[in-house]
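# Build me a model from this:
(2 chains)
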There are 2 protein chains.
Amino acid sequence: MRITELFTKTSKTAPADETAKNAQLLIRAGFVYKVMAGVYAYTPLGLRVLENIKQIVREEMNAVNGQELIMTSLQNPEVWKTTTRWSDEVVDVWFKSKLKDESEVGFGWSHEEPIMEMMQHFISSYRDLPTSVYQFQTKLRNELRAKSGIMRGREFVMKDMYSLHASQEDLNAYYNSVIEAYKRVYERLGLGDDTYVTFASGGAFTKFSHEFQTVCDAGEDVLYLHRGRNIAVNEEVLDEAVQELGIDKNELEKVKSAEVGNIFNFGTEKAEQMGVYFTDKDGNRQPIYLASYGIGVTRVMGVIVEKFADDKGIVWPESVAPAKVYLVRIGGEEAVRHADELYDELTKAGVTVLYDDRDERPGTKFADSELMGIPHRVTVSDRLIEAEKYEYTLRASGETTELTRSELLAKLG
Amino acid sequence: MRITELFTKTSKTAPADETAKNAQLLIRAGFVYKVMAGVYAYTPLGLRVLENIKQIVREEMNAVNGQELIMTSLQNPEVWKTTTRWSDEVVDVWFKSKLKDESEVGFGWSHEEPIMEMMQHFISSYRDLPTSVYQFQTKLRNELRAKSGIMRGREFVMKDMYSLHASQEDLNAYYNSVIEAYKRVYERLGLGDDTYVTFASGGAFTKFSHEFQTVCDAGEDVLYLHRGRNIAVNEEVLDEAVQELGIDKNELEKVKSAEVGNIFNFGTEKAEQMGVYFTDKDGNRQPIYLASYGIGVTRVMGVIVEKFADDKGIVWPESVAPAKVYLVRIGGEEAVRHADELYDELTKAGVTVLYDDRDERPGTKFADSELMGIPHRVTVSDRLIEAEKYEYTLRASGETTELTRSELLAKLG
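Residues are numbered from 1 along each chain as shown, chains lettered A, B, ... in the order given. All right, here's what the predicted structure looks like:
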C-alpha cells in the first residue's frame, strides 16, 4: 500500500471533544473517523486492523466448531417480549423505530432471543444438539454516555457466539473449551499477559459468570487480582467470590481493567421463557441449555491502542497491524528506484508494506510511522544505498540498527 | 463441510407468507432465515454465497483503485439537512430514532452525505484527487412493501463506492472504467449474458444515469432492449432515450428486469450543497465532482436464484456456490470409508465439498443436493465401489455419467 494512494492523512490534533486516548490516536493516525459521539467509521487502515482481529477470532471460534452466520439488525418486538427484554425498563439501550404501518421495530443490541427463535425451527431432537453458531455483528446501543472512544460506542462490532446443549454437563464442557479458545485469542492479540478470566455476577443459573478483563488504566472496571493463584474477581462480586474461593482479601491487588470478553451460562432460562424444547433419548420434552460468548472486536482494538501506545503514538502488535513494515524513502531518483524495488520484493514475498512514497521531510515520515504504529520501519536513503545498508527500527522499542540486505530480509521474512 | 455438522435442515415448505421464489427456495434450502417481512438472516451456507459474491465485487473494485472502508449505520441529521435529504418528504425510507438526550438519529439507507462530510476533512488540494472509496454496508430502508424476498429487503447488504474528482473529464474517465469493472463483476457472477448497461433517469448534472439491469421475470423494472445495438433503456426514460440515441422504437423488445447495479454522476451538486471544495492548480476554490456506484449484494444473490432455479431447486454458478461438490454417500462401512477418504482428498486439494454424511435415504440426499444447487454431485455407493466408479452429475443439466477416479479428479481439479 502506497501512502500517496490513501485518502487519509495524519493529523497533529484530534477533535476537541474527543477525550479518550484510543480515539485521539486512531483519529490522528487516520484509522478511524468520528461521525458522532460514540460512532466511528473505519478507514482503509482501521478496517485492516479490524479484519485482522476478526480473522484471529474467527479461526479460534471455528476451532471449537462454531458455525459463522449473520443475523439481522432489525428486531421483531414479539420475539423479545417473550423474555420481557423488549421493555425499556428492562433494557435501557434499545434504539427503536416504526415501520410504515406504525408497528414497532428494534435495532439489535444483542441477539440471544432471535438466535433462540431461529433455532427453534431447526432443533427438535437430542440428535440436533449440541450446536454452536457465531456472528460478527454491528451492534447498536443507545448508551447514555460515550466518552471512551471505540472502547464503548453506540455502534460497534461484536463477535457473539451461542451454544445450545441437551444437558448442563455438555454445556459445561463446551463452556470450558471456549474459555481456552478465548485465552488463545487474547494471546494472539498480544493481550495474553494482562488478560484474566474473571469472576463476575451470574444469573438465574449460576452464581458467577466469567469475564475476560485486560488490566488497563483506561478501563471502566475495577478488578481484584490474586497473582499467586492467577484469580481475578470483578469488584461487583468481591465479597461473594472471596468467600466462595477461600481467598485472603489482603492478598488481592486492586487494578483498573477493561472487559474484552464475557461468557454467560443461561442454563434453561431462555428456553423456558421462549418455549424452545427438544425431545430427549427417552422421548421426553426438555428445555434447551444456552450459553453465550461475546468479544467486543472494536473494543479490543481500542484496548490494544490504550495498552501499548507511547508518547509517539500507536504500537500495534504484529498480529493485528495494518502492515508489517513501514518503508521510508529519503532522497532522489536512486532512492526511489531502490525503495520501489524493495517494496515490490517484500510485497511479492507476502510481507505487507505501507510505503511512504510522499515527497515529505524525513522527520515527517518518521513521526508518521511512529504515530501509525507499524511494527517494523525500514529506511532507504542515498547515504544508506552507498553503504549498502538499510536502517531498521523496531517500533516497540525504538531500537535502530543498520542491516545488510540479507540481514533485513531474514528479519522480515 | 459435513452436513451433520450444520444446524440448518432443508424443508419441503417455506413460510406461508413468503411469495417470492428466491426467498422460498433459499429458506427451504436452509440458506436464509426469515426474521420479519423483508428481513432475512444468512445461515452458514447463505453467508458463504454472500461472501463469495462480495469477494468478486471486492477484487474488481480494488482493480479500479477503490479503497475499502466501513462507514456507520447511525447517521447525524445535521449532515443530511445540508442536502435536504433528512426530510421524510424528500426521502421516504428513513428509519429514525432518538438518543437519550432526545436528539434525533437516523439509520443509514445510503451514504453519499457522510462520505462527503468525511472527505472534506482529508481533501484540500487537487493533489488529493481523484480518490475512490467503497464499503460493504448493511443498509436499512423503511420500505412500504417487502414482497420480493431478498431482492428488496428492509435490511440488505450493498457495495457502495464513491469517487471524487477535480474535473468532469476525470470523473467521466473513471466512471467509464467502473462500467467495465461492473461488466466483469456480472460476468464472473454468471449474469453477464443477461445483464445490460441501461439508460435510466439522471439528475441535475446528466440527462441519464446508468443502471445495470438483468433480464429476469421476477424483476420490478421494465426494460426496452435493442439487441442489435446492445442498448437497453429503462421504461421511465424511454421517450427521451429513443430520441437521444436515434433508435427505432419498433426494434425494441420489452422485457422484465431486475436492477443489479447503478451508477450515478452527481457532478458538483453534492459538493456545492455541502460546501466541499478543493484548491485547483491555479489556487482557485472549486467544488468536488462526485459519482456513486452501487451493487446490491444480497439482491444479486436473489437474482441469481431467480434466474437459474429449476423445478428441483437452486442452481448456483460455481463462482458463488457455497461448495463446489456435493458428496453423496450411500451404503455401509465400505462406502463410509471410501466417501470419507474422497472428502479428505478433495478438501486437501482445495476443493470445497458439502459432504452428505447423514443416514438418510438416497432419494432424500439427491433431492437435497438439487434443492441446495451445488454445481457438481458425486455419489459413492457399494455398487459403484465394486465397479471402481463414481457417479457424477452436473446440477445445471442433470447429466449423469460414471467416471473412474482419475476422470473424476480431473473434472473437479
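
# which residue ranges form the strands in the stretch 51-200 of chain A?
A:67-68, A:74-75, A:95-98, A:104-107, A:131-140, A:155-165, A:195-201 (DSSP state E, counting those that start in this stretch).

# What strands flank the very next helix or strand once past the last one, and is each parallel or antiparallel?
Following strand A:195-201 in sequence order, the next helix or strand is strand A:208-215 (DSSP states H and E). If you go by DSSP bridges, strand A:208-215 pairs up with strand A:195-201 (antiparallel), strand A:253-267 (antiparallel).

# would you turn those into CSV with mean neighbour count?
Placement of C-beta: from N, CA and C, glycine included. Converted to CSV, the strands paired with strand A:208-215 look like this (neighbours: other C-beta atoms under 10 Å in any protein chain shown):
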stretch, mean neighbour count
strand A:195-201, 22
strand A:253-267, 21
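
# For A:Glu104, find the nearest of the ones you listed.
Nearest to A:Glu104 among those is strand A:253-267; the distance by C-beta to C-beta comes to 25.1 Å.

# And the next helix or strand past that closest one?
Heading C-terminal from strand A:253-267 (DSSP H and E), you reach helix A:269-274.

# So which elements touch that next one?
In terms of contacts (3 or more C-beta pairs under 8 Å, 6 or more residues apart in numbering or on different chains; DSSP states H and E), helix A:269-274 is packed against helix A:112-119, strand A:289-296.

# just so I know, which of those lies nearest A:Glu334?
Closest among the helices and strands packed on helix A:269-274, using C-beta to C-beta: strand A:289-296, at 47.9 Å.

# For that closest one, C-alpha coordinates in CSV please.
Extracted in CSV, the C-alpha atoms of strand A:289-296 (Å, rounded to 0.1, in the frame of the first residue of the first chain):
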residue,chain,number,x,y,z
TYR,A,289,-29.4,-25.2,27.6
LEU,A,290,-27.9,-22.0,26.3
ALA,A,291,-24.6,-20.2,26.8
SER,A,292,-23.4,-17.0,25.1
TYR,A,293,-19.9,-15.8,24.4
GLY,A,294,-19.0,-12.2,23.4
ILE,A,295,-15.9,-10.5,22.3
GLY,A,296,-16.1,-6.8,21.5
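
# contacts for that strand?
Strand A:289-296 has contacts (C-beta atoms under 8 Å, 6 or more residues apart in numbering or on different chains) with A:57, A:112, A:116, A:134, A:156-168, A:170-171, A:174-175, A:178, A:182, A:185, A:212, A:259-271.

# Could you list the residues of the stretch 101-250 of chain A in contact with chain B?
A:105, A:107, A:114, A:118-119, A:121-123, A:128, A:131, A:133, A:138, A:140, A:142-144, A:154-155 (C-beta under 8 Å from any C-beta of the partner chain).

# now these: which count as buried?
When these are checked for burial by 16 or more other C-beta atoms under 10 Å in any protein chain shown, the buried set is A:105, A:107, A:114, A:118-119, A:121-123, A:128, A:131, A:133, A:138, A:140, A:142-143, A:154-155.

# residues in contact with A:Ser319?
A:Ser319 neighbours (C-beta under 8 Å, 6+ apart): A:52, A:56, A:188-190.

# Which single one of those residues is nearest to A:Phe208?
A:Leu189 (24.3 Å).

# and that closest one, how many neighbours?
23 (other C-beta atoms under 10 Å in any protein chain shown).

# do A:Asp17 as well
A:Asp17 has 8 nearby residues by other C-beta under 10 Å.

# before we move on, what SS does it have?
Three-state call for A:Asp17 (DSSP: H, G, I helix; E, B strand; the rest coil): coil.
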